[in-house]
Each structure stands twice: as structure tokens, then as C-alpha cells.
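Q: below is the structure, and that's it, no one-letter string:
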């Protein structure tokens, strides 16, 4: 058991020194406070955990954690030529969206539980964890993908119907508004030339 714990502590220490935003922040805090980063990181995690249980705005903090880093990493992934990182973040966003849909209907009940925002935050961090077996990959491969494959033709048919209806509505809207906008623009041009 000691070897297992020691290995993970060393791995945690190593991850705190890898180049990137986290390292820059920890270096700044370490130099400003004189406290070693191996104590700063668990302290910050502990503070965040307590705050998500009792703090004001825990929902906002949780949603920021689940959005900001993944959005940043997704933008970075788009800018690279590699496809693997794109797939990783697309998988996260599919799971995030599905979780958001489920949460919408259950939020009224779940948000009353004191540990809800902490559990949600831990779940989102598990989903975007920088490992090949993170939560997003597990949920996508074992739940979302099989359901999608079972109902792909029905989903495709509904998507085509919605697309057709939206295209028709857009054409109707444009044909209705175009003459009015042209008349308004013509009136504006006349007023501008008179002055």
C-alpha cells in the first residue's frame, strides 16, 4: 500500500511542475507566499471543496470549472494538426451536453443536496481529466455511443425534418422582411443625402 501511495504522490508532484498555466500560477503563489506547491495545491483543492459545499455562488464556480479549462483546451486542440486531441474534447462536449440535458430535468431535486455542487464538479473534472480513460470517454463509449447507434436512423430523420422546417422558416422570414428592410434602408439613405 505504501508503494502505491508513494507512486501517486510523486506523480502528483510531477504534474504540479509540468509546463503550463497551472505551473505558472503555482510558481507565482509559491514565490509570493514562500509555501511549497506540494502544500498549496491540496490546500486550494480543500478550500474549493468546502466552498462548493457551503459557499455563495457554488453553482457558478462549478460551471466555470466545467467550462473554462475544457473550452481553453478545445481551442488549443483546434489549432493543432493532430486529430486525437480534437476527438478527446468533442467527446467531452458531447458528454457535457448530455449531462446538461439530464441535469436540467433533475436539477430541482438534486440542487437541494448539500454536496451536489461538489459532486458535480468532481464529475466534470473526472470527465476532462488528462487520461485516456477519463469519465467522458467511459460514458461516451458505454452509454451515449450504444444508444446513438441503436437510434441513429431515427435521429437522422428527425434532424433532417428539423433542418427542412428551419430552412423553410428562414426563407419565409427573409422574403417577408427583405422588402421592409430595403424600404427602410432607402428612407435612411434619402434622409442622409438631404442633410
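A: Done, it's in. Predicted model only: the values in this text are computed from it and were never measured. Numbers count the residues shown, from 1 in each chain.

Q: please make it C-alpha for all contacts and neighbour counts, starting now.
A: OK.

Q: please compute how far the host helix or strand of residue 104 lies from its chain's middle.
A: Secondary structure from DSSP states H and E places residue 104 in helix 84-110. From the chain centre to the centre of helix 84-110 is a distance of 8 Å (C-alpha atoms, centre = their mean, to the nearest Å).

Q: C-terminal to that helix, what's the next element?
A: helix 116-128.

Q: which elements pack onto the next helix-or-strand element following that next one?
A: The helix or strand immediately downstream of helix 116-128 is helix 135-139, counting by DSSP H and E. Packing partners of helix 135-139 (3 or more C-alpha pairs under 8 Å, 6 or more residues apart in numbering; DSSP states H and E): helix 84-110, helix 116-128.

Q: in helix 135-139, which residues are buried?
A: Within helix 135-139, the residues scored as buried using 16 or more other C-alpha atoms under 10 Å are 135-137, 139.

Q: now stretch 139-157
A: Those buried within stretch 139-157 under the rule 16+ other C-alpha under 10 Å are 139-140, 144.

Q: ok so, going back, mind putting the buried residues of helix 135-139 into CSV with pLDDT?
A: Formatted as CSV, the buried residues of helix 135-139 follow (pLDDT from 0 to 100):
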residue, pLDDT
135, 94
136, 95
137, 95
139, 96
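
Q: of those residues, closest to residue 32?
A: Proximity of the buried residues of helix 135-139 to residue 32 (C-alpha to C-alpha) peaks at residue 135, which lies at 35.1 Å.

Q: what sits against that closest one?
A: By C-alpha atoms under 8 Å, 6 or more residues apart in numbering, residue 135 lies in contact with 123, 126-129.

Q: does the residue nearest the centre of the chain count as helix, strand or coil?
A: In the chain, the residue lying closest to the centroid (C-alpha atoms, centre = their mean) is residue 67, at 3.5 Å. Secondary structure for residue 67, judged by DSSP: H, G, I helix; E, B strand; the rest coil, is helix.

Q: can you tell me what sits against the helix or strand in which residue 59 is found?
A: Here residue 59 sits within helix 58-78, counting by DSSP H and E. Residues from elsewhere that reach helix 58-78 (C-alpha under 8 Å, 6+ apart): 51-52, 85-86, 89, 117-118, 120-121, 124-125, 128.

Q: just the buried positions in stretch 28-42, please.
A: Buried residues in stretch 28-42 (16+ other C-alpha under 10 Å): 30, 37-38, 41.
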